[in-house]
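In: Dropping a prediction and its sequence here:
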Protein chains: 2
Amino acid sequence: MPGSDANLEAYCRSVAERAKLASMQTARLSGQVKNDWLRASAQALRSNAEAILVSNRFDLDAAKAAGLSPALIDRLTLDPRRVEALAGALESVAALPDPLGEVLDSSRRPNGLEIAKIRVPLGVVFFVYESRPNVTADAAAICLKSGNAVILRGGKEAAHSSRALVDQLRASAKDVGVPIDAVQLVETPDREAVSHFLGMADCIDVAIPRGGEALIRRVAAEAKMPVIKHFTGNCHMYVDRVADLDMAVKLIVNSKCQRPGVCNACESLLVHREIAPAFLPLAARALLQQGVELRGDERTRQHIPEAKMATESDFFTEYLDLILAVKVVDSLNDAISHINHFGSHHTDAIVTNDLHAAREFTAAVDSAAVMVNASTRFNDGGEFGLGAEIGISTDKFHARGPCGLKELTSYKYVCYGTGQIRQ
Amino acid sequence: MPGSDANLEAYCRSVAERAKLASMQTARLSGQVKNDWLRASAQALRSNAEAILVSNRFDLDAAKAAGLSPALIDRLTLDPRRVEALAGALESVAALPDPLGEVLDSSRRPNGLEIAKIRVPLGVVFFVYESRPNVTADAAAICLKSGNAVILRGGKEAAHSSRALVDQLRASAKDVGVPIDAVQLVETPDREAVSHFLGMADCIDVAIPRGGEALIRRVAAEAKMPVIKHFTGNCHMYVDRVADLDMAVKLIVNSKCQRPGVCNACESLLVHREIAPAFLPLAARALLQQGVELRGDERTRQHIPEAKMATESDFFTEYLDLILAVKVVDSLNDAISHINHFGSHHTDAIVTNDLHAAREFTAAVDSAAVMVNASTRFNDGGEFGLGAEIGISTDKFHARGPCGLKELTSYKYVCYGTGQIRQ
């Protein structure tokens, strides 16, 4: 464990350099060896479940002593069922196809040069996340399956649990011939360690922060390497002039209430003025029944007397709670402009029976995922069939939306010739 | 033209916001309209060639007065033939397929949700480059064809020439229904303007610097948005134990001498010790004939008496000149380690007849392009068949190697349902 500042930096440098070295080996592991590691790790978690739960108890005791909220303590808690789920998740990643080696494009040029664009790993991933221990195992699995080495920097609340999990992953690595430094956990709670890693662009290829907005802003501001950001999801549902009312009610209730604390939950409802008199009372009844607090503009409140008055800031807010902002709009175009202005380019949905409106909405709304007649909650790696995800990117650069195995890769050009020279 | 610091920032903000607005329109232009613009621009350059040459004369007079080198003045010079080449390049971009709308992946999920991953533009490109005027027209063409708006910040040496070209591009835009602010040229030589733009991540989606290492380092350090970097090309050619000697000589001469001042020219030659006695004298004769200065390690100098002594720093250097560092290595693995340590991950080549060596080299060398029995000079958008390029990325993130139309795009997920909700 590092002491002084210089010690801390030397410690971080050593972790980063070991990750870099490991990444040169992980890039070339066969799919078989990576899957052996995932399956051996799953068995190791099962066999050592009791020891893992003992470590988890240290974290839970500290969390209770620190007065963490019951919701946070629940996220932190492992039990035999959750350890089994962790093991199962590792086996699911093993069952996914190996993304590496795929030929993304190829051609034979007029001079006979044969060019192939081949999928390769990014290298070293620095993953900074908050306190759920299951994220530790998931992230390690997905990074290594895609051929990368990973430096895990988890929340200090889960330090003992993460340590116990990573110990098992590293022991399994040793057993099957994966370099143990392919998975490293940062051994110090010192916040400065994150800054040191974020400066080491010579060893780390990408930083991925996952957690609250402050964490992501800090990583984005300090990182000298590229960052895959996972910002707020201020998601919208727009109910168009011609829409199936029952479907629209079902979709807004699901988008808002099925799991309100996550990034693809809906935060604002926009309703075309022509359908508002029929739709808003129906929607209000269903939403109020689920305990949702409604905050509407003036025209909304004409149809929903229970709605509080919405301010402009409501429309910028990711509530992550049972609160919904509601606005009546004059047209499809007004809905699109509102979403592109107030939204966070994460997930936005239209409910409509109008072909032109569906096509216009999907073309003009500048978001990672645009839904027609479906819940916003579907923007998710599992739901999209990616199998596993390390986050949902709100960037447009490199990866957008759910980030699975392929999003943790790059490519190289491999060219075979017979002595071609450039004229 | 802005005066005070506050004026400068307000000017940059206005340029960036106009670009953002324009980008929402350029994203949705039909391929036809974009091609109309490219062809109309080509005609406008031809029709206004004389006026463009007059503007170019202002730059040339200033360059001579400032004592610029003949090579730099040549790069700056336009003449009727070069204006015609500029126009022809715009027409070539028009002839390329539209990258937008391509479905990169799609699936129908078990619940019936139809998911398509569709290619869309990045948005606003801030392109910072040095003094060649042809880059102005090329960059505008490739950015707009891929649906982006572009802010062009050229070198001050070419200010009048770039202004004259951009005036034509904007006039043609107006004629065919492309928003004129899709192409903007920064109207001030103030270096601070670049810093202001690099801070405007809310309007600008990507910064692309093209020029000397200092420029690229500055942009990478200051940018708050993603950067596509185009760093040094410290490229290698490795002649393996079993290789065709004549082919190897031809390839090293082409890689070093065909155009020594560019990023994919070869800077270091590595030779297996078993082939060194036969190969090095042959290679030396051909290279010395081309006026190449050779700098070798001790073992090289046993076979090439004319070679100067190489220091370690020679092997880190991108000469961009008729100088070549030469080293004898003991094995394929030593060659690979040398390249991954001293190289810049740009372009590296092996000359070999050994299948295993070719496969090992292409797998283990971590570079954007890896060549087998071909010149390093082929790592180029035109040579790879991309049609046009805005640079050659040395990053692994987002885009690696030649950056053409597709590398200036992102994607979005468009999902059609029939009322699906998440369980």
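Out: Here it is on my side, so go on. Residues are numbered from 1 along each chain as shown, chains lettered A, B, ... in the order given.
In: Dihedrals phi and psi, A:Val351?
Out: phi -110, psi 120 (degrees, to the nearest 10).
In: And the one 4 residues further on, by the same measure?
Out: According to degrees, to the nearest 10, the main-chain angles of A:Leu355 amount to phi -60, psi -50.
In: Quick one, grab the pLDDT at it.
Out: Listed pLDDT for A:Leu355 reads 97.
In: Kindly report the same for the one 10 residues further on.
Out: Each residue has a pLDDT score; the one for A:Val365 is 97.
In: Wasn't A:Gly417 part of a helix?
Out: No. Counting by DSSP: H, G, I helix; E, B strand; the rest coil, A:Gly417 is located in no helix; its state is strand.
In: List the contacts of it.
Out: A:112-114, B:371-375, B:378 (Cβ atoms under 8 Å, 6 or more residues apart in numbering or on different chains). All C-beta spots, glycine's among them, are computed from the backbone N, C-alpha and C.
In: farthest pair in those residues?
Out: Using Cβ to Cβ, these reach their maximum pairwise distance at A:Glu114 and B:Ser375, which is 14.2 Å.
In: Between the two, which has more neighbouring residues?
Out: B:Ser375 (29 against 16; other Cβ atoms under 10 Å in any protein chain shown).
In: my guess is that one contacts B:Leu251, does it?
Out: Yes. Using Cβ atoms under 8 Å, B:Ser375 makes contact with B:Leu251 at a distance of 5.5 Å.
In: Now for the two: what residues contact both?
Out: A:421, B:349.
In: And the closest residue in space to A:Glu102 that isn't next to it in sequence, what's its pLDDT?
Out: Closest residue in space to A:Glu102, ignoring its immediate chain neighbours: A:Arg119 at 4.3 Å, by Cβ to Cβ, 6 or more residues apart in numbering or on different chains. Note for A:Arg119: predicted pLDDT of 98.
In: which stretch of helix or strand covers A:Arg119?
Out: strand A:114-121 (DSSP states H and E).
In: Strand partners (parallel or antiparallel) of that strand?
Out: Strand pairing for strand A:114-121, using DSSP bridges, gives strand A:103-108 (antiparallel), strand A:409-420 (antiparallel).
In: Residues touching it, excluding its own?
Out: So strand A:114-121 is contacted by A:23, A:26-27, A:99-109, A:146-148, A:406, A:408-417, B:384-385, B:396 (Cβ under 8 Å, 6+ apart).
In: Let's see that with 6 Å instead.
Out: Under the contact criterion Cβ atoms under 6 Å, 6 or more residues apart in numbering or on different chains, strand A:114-121 has outside partners A:27, A:99-100, A:102-108, A:146-148, A:409-416, B:384.
In: repeat for stretch A:189-208
Out: By Cβ under 6 Å, 6+ apart, stretch A:189-208 touches A:8-9, A:12, A:16-17, A:20, A:122-127, A:156, A:186, A:219, A:222-228, B:396.
In: Any quick PyMOL command for the buried ones out of those residues?
Out: Burial among the contacts of stretch A:189-208 is assessed by 16 or more other Cβ atoms under 10 Å in any protein chain shown; the matching PyMOL selection reads:
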select buried, (chain A and resi 8+9+12+16+20+122+123+124+125+126+127+156+186+219+223+225+226+227+228) or (chain B and resi 396)
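In: In strands only, show me the contacts of stretch A:189-208.
Out: If you go by DSSP state E, the contacts of stretch A:189-208 have A:124-127 in strands.
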